[in-house]
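Attaching a predicted model along with its sequence, questions to come.
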Amino acid sequence: MMYSLLFLLLSCLMKLVLCFTSLAVIVPQDPVLTMGSSLTATCIIKPKVNVDSRELYWTLNDERLPSELYTLVNSSALKVTLHGLNGSQQLSGDNLLCHRVDGRILGGSCLYVGLPPEKPTNISCWSKNAKDLTCKWSPGGKGESFLHTKYTLKYRLRWYGKVNECQGTAVLNSCCIPKDLALFTPYEIWVEASNKLGSAASDIISLDILDVVTTDAPFDVQVNRVGDLEDQLSVRWSSPTALKDFLFQAKYQIRYRVEDSTEWKVVDDIGNQTLCRLAGLRPGTVYFVQVRCNPVGIYGSRKAGIWSEWSVPTAASTPRNERSSSTCYQKSGESGSNLRRELKQFFGWVKKHAYGCTALNIKLYDQWRVWLQKSHKARNQNQEVAVFVGLQQDSPGR
């Protein structure tokens, strides 16, 4: 922003110097034209200046224009005609200059060639902890007018007529209103775009601040092993501090990925708890885990808020599987085979229902997984049946 202002200031100073030192006048002066149009400009030498117009030549942005574009008016005036003008190469205008034979500039004009702004689109807004409001938008069309285009975010309370302009921090195609917001009255918001060739306004959107609230990412995310369970990790985190100031329920979401992968898996069914168990993981594998938060039902709003940013990735590894691949169980007839099949189906059911962050049969699942990891020492069917009976006795509700 500072560099842009400095550049514009230097351009204005250059024009003032040319105004007081020029030996000729360019007509028209600083015209505004649409792309594809034509322009005929005339360099008129001032009286008492001992220069013949037949000795003049033109440049556009420091490039000499061919003489076939010139038309000699008289000894003190020379025209140049340009067709199919392209968009300006610089926001301060393209420099059309008239020179005498030794290269000295006699006079100059700035050409502003571009397009009128199109209607801005895709307005979206969010409020950080219900304390401010930031909106962003997309320029209309291809977003290139070749002219300096000003975008202004405007807003007003739905039942009040005063129109306000965003005066807060502004970055490319966005603006922040930092304070003095009404929390229980809908706002009407729109964006106006204007340049030297015209103006255009977006559609008006209506929103309530409480319906677009977002917050900080959860912090102090801890990922730990669950004893010797080789396929699980425990995730614990702290709620964003700012959420303590509001009457709402928060819901959380976790995503995790393997160290050498870019594909994230998402766990949605967490609710508002700050502890989750991830199951079904690979043994001896490093996982990266992130958590984010969504304020829901803030101050009675029934609409879902906006998800926060993801927390900083936290890494942890599952225990390595130490069972030998050559270990197997002894078979003891058809009845033993059927019992094994039933046990496998039962344990599969437990694992399916203990996946994610539900608390259903977690105790039973943990007991079974510990037994399974130590069961490579078991050599007969009787030991398997004894363990299964033990699990039934320890399970909830028995």
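On my side now, so go ahead.

residue contacts, the nearest residue to residue 158 once chain neighbours are set aside?
The shortest distance from residue 158 to any non-neighbouring residue, by CB to CB, 6 or more residues apart in numbering, is to residue 186 (4.5 Å). C-beta here means a position set from N, CA and C on the backbone, and glycine is covered the same way. Residue 186 makes contacts with 157, 158, 206, 207, 208, as judged by CB atoms under 8 Å, 6 or more residues apart in numbering.

Pull up the per-residue confidence for residue 186.
Note on residue 186: pLDDT of 89.

Phi first, then psi, for it.
phi -70, psi 150 (degrees, to the nearest 10).

where's it relative to residue 210, distance?
Distance of residue 186 to residue 210, computed by CB to CB, to the nearest Å: 10 Å.

And this protein, what are its domain boundaries?
Here the domain assignment for the chain is 18-114, 121-209, 215-317, 333-394, based on automatic domain parsing.

still on that earlier bit, between the contacts of residue 186, which has the most around it?
Among the contacts of residue 186, residue 207 has the most neighbours (other CB atoms under 10 Å), with 21 neighbours.

so what's it bridging to?
residue 187 (DSSP bridges).

Just the buried residues of the helix or strand containing residue 151, please?
For residue 151, the host element (DSSP states H and E) is strand 150-157. For strand 150-157, a neighbour-count test (16 or more other CB atoms under 10 Å) marks 151, 152, 153, 154, 155 as buried.

on contacts alone, who are the packing partners of that strand?
Applying 3 or more CB pairs under 8 Å, 6 or more residues apart in numbering; DSSP states H and E, one finds that strand 150-157 makes contact with strand 133-138, strand 164-165, strand 174-177, strand 187-195.

Now mean neighbour count too, for those strands, in TSV please.
Output for the helices and strands packed on strand 150-157, formatted as TSV (neighbours: other CB atoms under 10 Å):
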stretch	mean neighbour count
strand 133-138	20
strand 164-165	12
strand 174-177	20
strand 187-195	21
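
Just to check, residue 78 is in contact with residue 71?
Yes. Assessed by CB atoms under 8 Å, residue 78 is found in contact with residue 71 at 7.4 Å.

Would you mind telling me which of the two has more residues around it?
Taking neighbours as other CB under 10 Å, residue 78 and residue 71 compare with residue 78 leading, 25 against 12.

what number of residues lie near the closest residue to that one other than its chain neighbours?
Counting by CB to CB, 6+ apart, residue 53 is the residue found nearest to residue 78 once chain neighbours are left out, at 4.3 Å. Residues near residue 53, counting by other CB under 10 Å, number 22.

Spit out the contact partners of residue 53.
By CB under 8 Å, 6+ apart, the neighbours of residue 53 are 43, 45, 72, 73, 74, 75, 76, 77, 78.

will you turn the residues you listed into JSON lines that also has secondary structure, distance to residue 131 and pLDDT?
JSON lines is the format used below for these (DSSP: H, G, I helix; E, B strand; the rest coil; distance: CB to CB, whole Å; pLDDT from 0 to 100):
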{"residue": "43", "secondary structure": "strand", "distance to residue 131": "59", "pLDDT": "93"}
{"residue": "45", "secondary structure": "strand", "distance to residue 131": "63", "pLDDT": "91"}
{"residue": "72", "secondary structure": "strand", "distance to residue 131": "68", "pLDDT": "93"}
{"residue": "73", "secondary structure": "strand", "distance to residue 131": "65", "pLDDT": "93"}
{"residue": "74", "secondary structure": "strand", "distance to residue 131": "69", "pLDDT": "93"}
{"residue": "75", "secondary structure": "coil", "distance to residue 131": "71", "pLDDT": "90"}
{"residue": "76", "secondary structure": "coil", "distance to residue 131": "66", "pLDDT": "90"}
{"residue": "77", "secondary structure": "strand", "distance to residue 131": "64", "pLDDT": "93"}
{"residue": "78", "secondary structure": "strand", "distance to residue 131": "63", "pLDDT": "94"}
